[in-house]
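1. Next comes the sequence, and after it the predicted model I'd like to discuss.
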Amino acid sequence: MNHSANPRRPAQTRRSPEPIFWALFGAGGMLSALIAPMLVLITGIAVPLGLLLPADAMSYHNMLALAQNPLGKAILLAVVALFFWHAAHRIFHSLHDLGIDAGNGARLIFYGAAFLATLAAAGALLLLGF
Amino acid sequence: MSASDPRPAAPRAAPALPGVAGNPRRPYVRPMAGWWLRNPYFVRYMAREGTAVFVAAYALILLVGLVRLAQGEAAWNGWLEALRSPLSTILHLVFLAVFVFHTVTWFEVLPKTMPPLLVGGKRVAQSAITAGAIAVAAAASLALFGIVWGLTR
């Protein structure tokens, strides 16, 4: 007996995790589309070169205060983790375009890397204390 | 195989698709390598998708920074010092260009992924949604800069 709404397609017995990965991809893509250029300008160009912003803007004291603030922690984790999940999902789906037959092994590598990066970021933020 | 046969010899080693590669009839298989280089639309598509590699690289740099911060002041200062190297500056300038491209292309796709936006019973043009979203990104970027400037001056 087929309980599927569409009689030509078999009833779905197993839910795909794709919506979760797609949501993480979308969240990371949106966050990076909104702020990544400015973030790079700040952390990679303005502060290291002392342009526009004080050269000690990212001093140990300042960054410790940011990383120990609950809101600062959430922002740092969101940026690092979502950027990784966004990239992992997009690169994984581009493998097909490059003629690479990507299966569960590639899924494990890309989503696993994003997961490990998330764990590492969360671990570092927990170590930094509140 | 006759000498005048223009078709390439069938690949004998490691047939990937049974019935195509290694098939003695050697059916024509359209080569896929570099398919996206033949059409500017697909070159842009691949460039758009390729921004993810740079997002991953930047996220990795930030993650290393977080780990170095957790390791203490000396480790953090080492990470900061590395950011001051000319190579790092060049890399971040590349990131900046790529991420601006990501922002533009992300918001070009946005109206295609959302339900039609109706204002006064009329559908808002896709280009207007893209332009509006890019304006929002510019405002968010200015706000971020303002917050950092206010907190660190």
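-> Received the coordinates, thanks.

2. Report pLDDT for the closest residue in space to residue A:27 that isn't next to it in sequence.
-> Nearest non-adjacent residue to residue A:27, counting by C-beta to C-beta, 6 or more residues apart in numbering or on different chains: residue A:82, 5.2 Å away. In short, each C-beta sits where N, CA and C put it, glycine included. pLDDT for residue A:82: 98.

3. buried set for the helix or strand harbouring residue A:82?
-> If you go by DSSP states H and E, residue A:82 is part of helix A:70-94. The neighbour-count check on helix A:70-94 (16 or more other C-beta atoms under 10 Å in any protein chain shown) flags A:72-73, A:76-77, A:79-94 as buried.

4. before we move on, what about stretch B:103-112?
-> B:103, B:105-108, B:110-111.

5. is it anywhere near chain A?
-> Yes - using C-beta under 8 Å from any C-beta of the partner chain, stretch B:103-112 reaches chain A at B:103, B:106-107.

6. In helices, which of the buried residues of stretch B:103-112 fall?
-> For the buried residues of stretch B:103-112, the ones inside helices are B:103, B:105-108, B:110-111, with DSSP state H as the criterion.

7. Dead centre of the chain: give me the residue that sits there.
-> Let's take chain A. residue A:82 (2.2 Å; C-alpha atoms, centre = their mean).

8. You answered for a different chain; I wanted chain B.
-> Mean-position check on chain B, C-alpha atoms, centre = their mean. Result residue B:51 at 1.7 Å.

9. Not counting its neighbours along the chain, what's nearest that residue?
-> Closest to residue B:51 by C-beta to C-beta, 6+ apart is residue B:102, at 4.2 Å.

10. Please report how far the one you found lies from residue A:36.
-> Using C-beta to C-beta, to the nearest Å, residue B:102 is found at 7 Å from residue A:36.

11. Might you list the low-confidence residue ranges for chain B?
-> Where chain B drops to pLDDT under 70, the residues are B:1-21.

12. What residue in chain A comes nearest to chain B?
-> residue A:44 (2.8 Å; C-beta to the nearest C-beta).

13. from memory that residue sits against residue B:95, does it?
-> Yes - using C-beta atoms under 8 Å, residue A:44 is in contact with residue B:95, at 6.4 Å.

14. Residues that sit against both of those two, list them.
-> residue B:58 (C-beta atoms under 8 Å, 6 or more residues apart in numbering or on different chains).

15. The helix or strand hosting residue B:130 vs chain A: in contact?
-> For residue B:130, the element it lies in under DSSP H and E is helix B:126-152. Yes - using C-beta under 8 Å from any C-beta, we find that helix B:126-152 touches chain A at B:133, B:136-137, B:140-142, B:144-145, B:148-149, B:151-152.

16. Right, I'll leave it there.
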